[in-house]
Every structure is written in C-alpha cells, then in structure tokens.
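K.L.:
Could you work out the structure for the sequence below:
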Amino acid sequence: MPAITITCDRCGADFTWTAKEQRFYVRRGFVSPKRCPPCRRPPNPVRTCEVCRVMFRLEDGAPPEHLSRCLRHRGEGSTSPPGPSSTETSDRS
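P.N.:
Prediction:
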C-alpha cells in the first residue's frame, strides 16, 4: 500500500496517510480518516491560570473555583457576586 495524501475535512490541510496507518485501519475495520492528526486530537483539558500562572485541569469546562481561590490569596477579592457582610446580617436582629 502506498502512502496517500488526504485533505482534512475540518481545517483543509493536506496530510499523509502512511501505509502503516492504512494497515492499522484495515485490521481494525476502520474507514480512512477524514481529519488530520491535530484535528483528531481531543482538546487540551489543562489550562494556566492567568493570575498566578499555575497549571490546572479543567473541571466541567470552567476554572472559576481555582480563580476565586487565587484572587482571594492575592487579596484581590472574589469572582463570585458579593453577598451580605457580617455587619449587615448582625444589624437585622
């Protein structure tokens, strides 16, 4: 089997489908790939905090808990909306 050049359906880049990859696909019963290797990779779940530059893994697609802790640690407040302060709640009694 000779190597084949395929155009990626997603990004339009040409990529080579090697003879070794073709044999692998045939053994597994797969059809030829439609996307290039970079487009087939899953998105990277690891991000870097913009505030402290610490790497963290995304949980449910968003980093708000880490960012809130980081901002509180640096004394810059919280990303959550403000709630009643302890003096406001104690004045109501």
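K.L.:
contacts and neighbour counts: CA atoms only from here.
P.N.:
Fine.
K.L.:
would you list every one of the helices in this protein?
P.N.:
19-28, 37-40, 64-74, 86-91 (DSSP state H).
K.L.:
Which strands or helices does the shortest one pack on?
P.N.:
Counting contacts by 3 or more C-alpha pairs under 8 Å, 6 or more residues apart in numbering; DSSP states H and E, there are no secondary-structure elements packed against helix 37-40.
K.L.:
who's in contact with that helix?
P.N.:
Contacting residues not belonging to helix 37-40 are listed as 10, 11 [C-alpha atoms under 8 Å, 6 or more residues apart in numbering].
K.L.:
for it, what is the average pLDDT?
P.N.:
Computed over helix 37-40, the mean pLDDT rounds to 88.
K.L.:
go on, the third one?
P.N.:
The predicted model assigns helix 64-74 a mean pLDDT of 66.
K.L.:
May I have the distance across stretch 43-52, first residue to last?
P.N.:
With C-alpha to C-alpha, to the nearest Å as the measure, the first residue of stretch 43-52 is 22 Å from its last.
K.L.:
what is the mean pLDDT for it?
P.N.:
For stretch 43-52, the mean confidence score works out to 72.
K.L.:
Could I get the buried residue list for stretch 21-39?
P.N.:
By 16 or more other C-alpha atoms under 10 Å, the buried positions in stretch 21-39 come out as 22, 33, 35, 36.
K.L.:
Hmm, the third one is touching residue 10, no?
P.N.:
Yes. With contact defined as C-alpha atoms under 8 Å, residue 35 and residue 10 form a contacting pair (6.1 Å).
K.L.:
List just the nearest of the buried residues of stretch 21-39 to residue 16.
P.N.:
residue 36 (8.5 Å; C-alpha to C-alpha).
K.L.:
what's near enough to touch that closest one?
P.N.:
7, 8, 13, 14, 15.
K.L.:
Okay, and the beta partners of the fourth one?
P.N.:
Per DSSP bridges, the residues bridged to residue 14 are residue 7.
K.L.:
Just the buried ones from the contacts of residue 36, in ChimeraX syntax?
P.N.:
To isolate the buried members of these in ChimeraX, using 16+ other C-alpha under 10 Å:
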select :8
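K.L.:
now, which of the contacts of residue 36 sits nearest residue 42?
P.N.:
residue 8 (15.8 Å).
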